[in-house]
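**Q** Sharing a sequence plus its predicted fold:
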Amino acid sequence: MRSRKHNTAVSTALTASAANHFLPSRLFVCTLASAAIGIALGGCGGGYRAKQNQMAVLCSEGRYGEARDVAFAPETESAYGSNNTLLLELERGTTSLAADSPQAALDALNKAEELCAWNYDKSAGDVFVQWVVNDASTTYLAKPSEDLYVNTFKALSHLQMGKIENGAAVECRRQMDKQQNLRALHDKFLSSVKSGTDKELVAKASSNTEVHLNGTGEFVDSPLGCFVSAVTYMHHGEPDAQQFACRRLMDTIQRYGPAIGNVQADHFAHLSTMQPQDGNVMIVAFSGRAPELYSQDIDLPIIDSTYSIPFPKCRRIESPITSAELVFADGTRQALDLVEDMSAVAAENFKRNEDTIYYRTLLRIAAKAAIVTVTAIGVQQSTESDGWTAAVAAAGLLYIVATENADLRSWVTIPGQARVKVLKLPPGEHDLKVVYQGNGSTHEVAWQKVNVANSGLTTLIARCPQ
C-alpha cells in the first residue's frame, strides 16, 4: 500500500472546513490515534488459511476423509475463530459430503444456514467494523450464491439418505424462496451504496482501476440447484413445482450461456414432463475445485493523494475434466450431462458483486479521511501546534491505509463442476462407477453397490478431485 503523490498531512487537514467546535485534548487525540493503529495492525487475522489450504490440498488429491477430519479438528476450529465460524461449517459440509458422510454434512450445513441469517440481520459491531476498518475484519457473510448452495448440498445429503418428505423437498423450497429474497436484498444494497457515494470521488477513482462497475446486482442462479429441485419435486408429487424448477433451469441456461459452462439445454428439456416411474436413480458427479481469490492493488484517492489499496479479485481454476460416464458391471456406459460449471458461476457472481465491494471501499475511505481531517483540525485549534497536528494527521493516514485489507475469504472445498443424469433401473443391487475423462487421461471412482428400491429415488454422488 503506497502513496503515488505526496502532500503534507498538515496542510490537507487544515484546509477542511469541518469540526470548528471539536477541541480534543492531547491525551484524547493520542489515545484515539493509538487505538486506530492498533485496530489497523491487529484487526485482520488470517490464521485459518493454513488449515483451509490444507483441506483444499487434500480435496485436490482425493483424500476427502482426511479433509473432513481436518475440518472437524479442535485446532482448526480455534484457527478459524469466531469471525469465520460460518466459513468453517461450509467446509465441513462439503468435505463430509465428499467423504460419504451425509449426516455429518447435513449437521454442518444446518449450522451454516443458521449463520447465514447474518445476510439479513448483521450486528451493529460488524456494520461498524465493515465500514470503519475493512471487510476482511468482519464476521464472514455468505455470498448470495453460497447461501443457495447450502440448500442444494443439504438437499443432496437428504437424498443420499433417502429422505424427500421433510428433507430434500423442504430444502428445495427454501432455496426458491431465498433466491428471490437475496436478489432483492442485494439490489437494495447496491442502490444504497451507489446513491451514497460521492460521484466525483467515484469518477476519480474509477479512472485508474480494473474493477468492473457495470454490474446490475443480479447474481447467476445455480442450474444444479434447479435440477435437483425438479427431480425432488417429481418424486414428491409436486408437478407444478417440478415444472417451475425446470423453467428456472432452462431460463438460466439460455440467459447466462457460457457463464455457467457449456451446458446443453436440450439435455434437460424432457425433465419437466418426466414422471416418478420414468427415473428412479439420480447420479450427481462432481469434479474440479472452486476458484481462488487473490489480492490486487488498485489506485484510490485518499484526501489529496492516490494510494494503492488491496482489492479482492477472483481467478478460476480450470478443471481438465471434459466428460464423465456412468459405467455398469456389464460394461454398459451412460454419458452424464454437464449441468453447471460451478467454478465459472462463482467467478461470474464475484465479478457481478465487484460493484458493492468497490463502492463500499470508497465510502469507507471517505469516512476514514473525514475522521482524520476532523481530528487534525481539532488538534490544531486546541494545541496550536503544527507538530502535534502533523503527527495526528500522519497517524490518521497510516490508519486509513493500514486498515484496508482485501477480504480473500471464500468456500474453497466446494467442487468446480457438476454432471448429472436421471435414469431408470430395475429394483435390486447394481454395481456402478463413474469414469471421468479429460486431456487424454481417465479418472475412475471406485465401484459402488447401489440398492434400488421398488419405489422412490436412489441418489448416487461421486466426486473427482481433478
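**A** Arrived safely. Numbers count the residues shown, from 1 in each chain.
**Q** So residue 429: helix, strand or coil?
**A** strand (DSSP: H, G, I helix; E, B strand; the rest coil).
**Q** what does residue 353 give?
**A** Criterion first, three-state DSSP; result for residue 353: helix.
**Q** Could you count how many residues lie near it?
**A** 21 (other CB atoms under 10 Å). Where C-beta positions appear, they are placed from N, C-alpha and C, glycine not excepted.
**Q** What of residue 265?
**A** 14.
**Q** Work out for me the element the residue lying closest to it once chain neighbours are set aside sits within.
**A** Using CB to CB, 6 or more residues apart in numbering and skipping residues adjacent in sequence, the residue nearest residue 265 is residue 253, 4.6 Å away. Element membership for residue 253 (DSSP states H and E) is helix 239-256.
**Q** what about that helix, average pLDDT?
**A** Helix 239-256 carries an average pLDDT of 94.
**Q** ok, now stretch 274-293?
**A** For stretch 274-293, the per-residue pLDDT averages 95.
**Q** shouldn't the residue nearest to residue 265 be in contact with residue 259?
**A** No. When contacts are counted by CB atoms under 8 Å, residue 253 is not listed as touching residue 259 (10.2 Å).
**Q** quick one, which of these two is more surrounded?
**A** Ranked by neighbour count (other CB under 10 Å), residue 253 and residue 259 place residue 253 first, with 21 against 17.
**Q** and that one, what does it touch?
**A** 223, 260, 263, 265, 268 (CB atoms under 8 Å, 6 or more residues apart in numbering).
**Q** Farthest-apart pair in those residues, please.
**A** With CB to CB as the measure, no two of the contacts of residue 253 lie farther apart than 260 and 268, at 12.2 Å.
**Q** and residue 239, how far is that from residue 420?
**A** 20 Å (CB to CB, to the nearest Å).
**Q** Which of the two has more residues huddled nearby?
**A** Neighbours per residue (other CB under 10 Å) separate residue 239 from residue 420, with residue 420 holding more: 22 against 14.
**Q** Assign a three-state SS to the more buried one, would you?
**A** Taking three-state DSSP, the label given to residue 420 is strand.
**Q** Tell me the pLDDT of the spatially closest residue to it that is not a sequence neighbour.
**A** Excluding its sequence neighbours, the residue lying closest to residue 420 (CB to CB, 6+ apart) is residue 339, at 4.8 Å. Listed pLDDT for residue 339 reads 98.
**Q** In this structure residue 339 contacts residue 224, no?
**A** Yes. Using CB under 8 Å, residue 339 is in contact with residue 224, at 5.3 Å.
**Q** Kindly provide the distance from the spatially most central residue of the chain to residue 314.
**A** When CA atoms, centre = their mean is applied to the chain, the residue found nearest the centroid is residue 143 (4.3 Å). From residue 143 across to residue 314, the span is 11 Å (CB to CB).
**Q** if I look at these two, which residues touch both of them?
**A** Common neighbours of residue 143 and residue 314 (CB under 8 Å, 6+ apart) are residue 350.
**Q** Flag the shaky bits of the stretch 1-150 of the chain, pLDDT-wise.
**A** 1-46, 118-137 (pLDDT under 70).
**Q** Okay, now the unreliable bits of the stretch 351-466 of the chain?
**A** In the stretch 351-466 of the chain, no residues with pLDDT under 70.
**Q** can you map out the strands along it?
**A** For the stretch 351-466 of the chain, applying DSSP state E, counting those that start in this stretch gives strands covering 417-423, 428-438, 441-444, 448-452, 458-464.
**Q** Arrange these in TSV, one row each, with distance to residue 168 as further columns.
**A** Conversion of these to TSV gives the following (distance: least, CB to CB, whole Å):
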stretch	distance to residue 168
strand 417-423	14
strand 428-438	21
strand 441-444	28
strand 448-452	17
strand 458-464	9
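**Q** out of everything not next to it in sequence, what's closest to residue 101?
**A** residue 68 (6.5 Å).
**Q** State whether that neighbour and residue 100 are indeed in contact, as I suppose.
**A** No. Using CB under 8 Å, residue 68 is not in contact with residue 100, being 9.6 Å away.
**Q** These two: who's more crowded?
**A** Using other CB under 10 Å, the more surrounded residue of residue 68 and residue 100 is residue 68, with 28 against 16.
**Q** Would you double-check that the more buried one falls in a strand?
**A** No. Applying three-state DSSP, one finds residue 68 to be helix, outside a strand.
**Q** who touches it in this structure?
**A** 92, 95, 96, 98, 99, 101, 104.
**Q** Kindly report the same for residue 328.
**A** Residue 328 neighbours (CB under 8 Å, 6+ apart): 334, 430, 431, 432.
**Q** Give me the nearest residue to residue 58, chain neighbours excluded.
**A** residue 67 (3.9 Å).
**Q** Let me know whether the one you found touches residue 96 as I believe.
**A** No. Between residue 67 and residue 96 there is no contact under CB under 8 Å: 9.2 Å.
**Q** who's in contact with residue 71?
**A** So residue 71 contacts 55, 88, 91, 92, 95, 96, 413 (CB under 8 Å, 6+ apart).
**Q** Let's have the residues you listed in JSON lines, adding secondary structure, distance to residue 181 and neighbour count.
**A** Shown next, in JSON lines, are the contacts of residue 71 (DSSP: H, G, I helix; E, B strand; the rest coil; distance: CB to CB, whole Å; neighbours: other CB atoms under 10 Å):
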{"residue": "55", "secondary structure": "helix", "distance to residue 181": "30", "neighbour count": "25"}
{"residue": "88", "secondary structure": "helix", "distance to residue 181": "25", "neighbour count": "25"}
{"residue": "91", "secondary structure": "helix", "distance to residue 181": "25", "neighbour count": "30"}
{"residue": "92", "secondary structure": "helix", "distance to residue 181": "25", "neighbour count": "27"}
{"residue": "95", "secondary structure": "helix", "distance to residue 181": "28", "neighbour count": "28"}
{"residue": "96", "secondary structure": "helix", "distance to residue 181": "27", "neighbour count": "27"}
{"residue": "413", "secondary structure": "coil", "distance to residue 181": "26", "neighbour count": "25"}
